[in-house]
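**Student:** pasting the sequence and the predicted coordinates here, then a few questions.
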Amino acid sequence: EAQVTQNPRYLITVTGKKLTVTCSQNMNHEYMSWYRQDPGLGLRQIYYSMNVEVTDKGDVPEGYKVSRKEKRNFPLILESPSPNQTSLYFCASSLSTGYYNSPLHFGNGTRLTVT
Amino acid sequence: AQKITQTQPGMFVQEKEAVTLDCTYDTSDQSYGLFWYKQPSSGEMIFLIYQGSYDEQNATEGRYSLNFQKARKSANLVISASQLGDSAMYFCAMREVQGAQKLVFGQGTRLTINP
């Protein structure tokens, strides 16, 4: 089954404790991206990657890191989480960004709480 | 300037009725894609339907159709014969050829289907 898999689904952590949210897709998509969703602010892009070893900042990249060493994986790293990073996080993938008509396929989301 | 506008924060509809969710957009690109996503209370983002800027016919996917009025920059989602399981948040989104690295979302409409 074609899918984007995120783990964990729920995560509660404390301020400053490094964490990684994993994301993997099995559709051979070139493009991958991370979004966060917050009440009143909607969905905002954190980082994106157009292909292996190519990553770039989205609208809200502060406090986050990403890497794209393999085509299928795009982990999101919070080196020192803070309470304002409490949010619902989505990983998504699609065919190349040259295909503006390509829909994003989303993972099931990760609910992160930082205390 | 907001690129995607959904003017209905919430809608209540009787089961089996048709419902139209409004979406207007703003872009200077000639080439762009318009998407609708459903987010149930469980949180995942589900792709529903796509309309390309050059498509002359309105897109349809089962009970979903997209009423595309290019001159008015409108891309309304129509759900026919609504079901209780249609209760969810619905997001309109756009991907422009110039900014295809990002999917831009509206604020969403919360649809509630009453039995």
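**Tutor:** Perfect, thanks for sending it. Residues are numbered from 1 along each chain as shown, chains lettered A, B, ... in the order given.
**Student:** is the closest residue to A:T110 other than its chain neighbours bridged to anything, and to what?
**Tutor:** Nearest in space to A:T110, with sequence neighbours left out and distances taken as CB to CB, 6 or more residues apart in numbering or on different chains, is A:Y89 at 4.6 Å. C-beta here means a position set from N, CA and C on the backbone, and glycine is covered the same way. Residues in a beta bridge with A:Y89, per DSSP bridges, are A:R36, A:T110.
**Student:** how about A:N84, phi and psi?
**Tutor:** Backbone geometry at A:N84, expressed as degrees, to the nearest 10, gives phi -70, psi 0.
**Student:** got the contact list for it?
**Tutor:** When contacts are counted by CB atoms under 8 Å, 6 or more residues apart in numbering or on different chains, A:N84 is found next to A:V114.
**Student:** any idea how far it lies from A:D38?
**Tutor:** A:N84 sits 9 Å away from A:D38 when distances are taken as CB to CB, to the nearest Å.
**Student:** check B:A100 too.
**Tutor:** Using CB to CB, one gets 24 Å for the distance from B:A100 to A:D38.
**Student:** who has more neighbours, the two?
**Tutor:** Neighbours were counted for B:A100 and for A:D38 using other CB atoms under 10 Å in any protein chain shown; B:A100 has more, 22 against 13.
**Student:** pretty sure that one is touching A:Y99, no?
**Tutor:** Yes: with contact defined as CB atoms under 8 Å, B:A100 and A:Y99 form a contacting pair (7.5 Å).
**Student:** correct me if wrong: A:R68 contacts A:V54.
**Tutor:** Yes: look at A:R68 against A:V54 with CB under 8 Å: they come within range, at 6.8 Å.
**Student:** give the residue from the two that has the larger number of neighbours.
**Tutor:** Higher neighbour count among A:R68 and A:V54: A:R68, with 19 against 11, using other CB under 10 Å.
**Student:** okay, now the closest residue to A:L95 other than its chain neighbours: neighbour count?
**Tutor:** Leaving aside its chain neighbours, A:L95 sits nearest to A:S102 (4.2 Å; criterion: CB to CB, 6+ apart). A:S102: 21 surrounding residues under other CB under 10 Å.
**Student:** thought A:S102 was touching B:F35?
**Tutor:** No: in this structure A:S102 lies outside contact range of B:F35 using CB under 8 Å: 9.6 Å.
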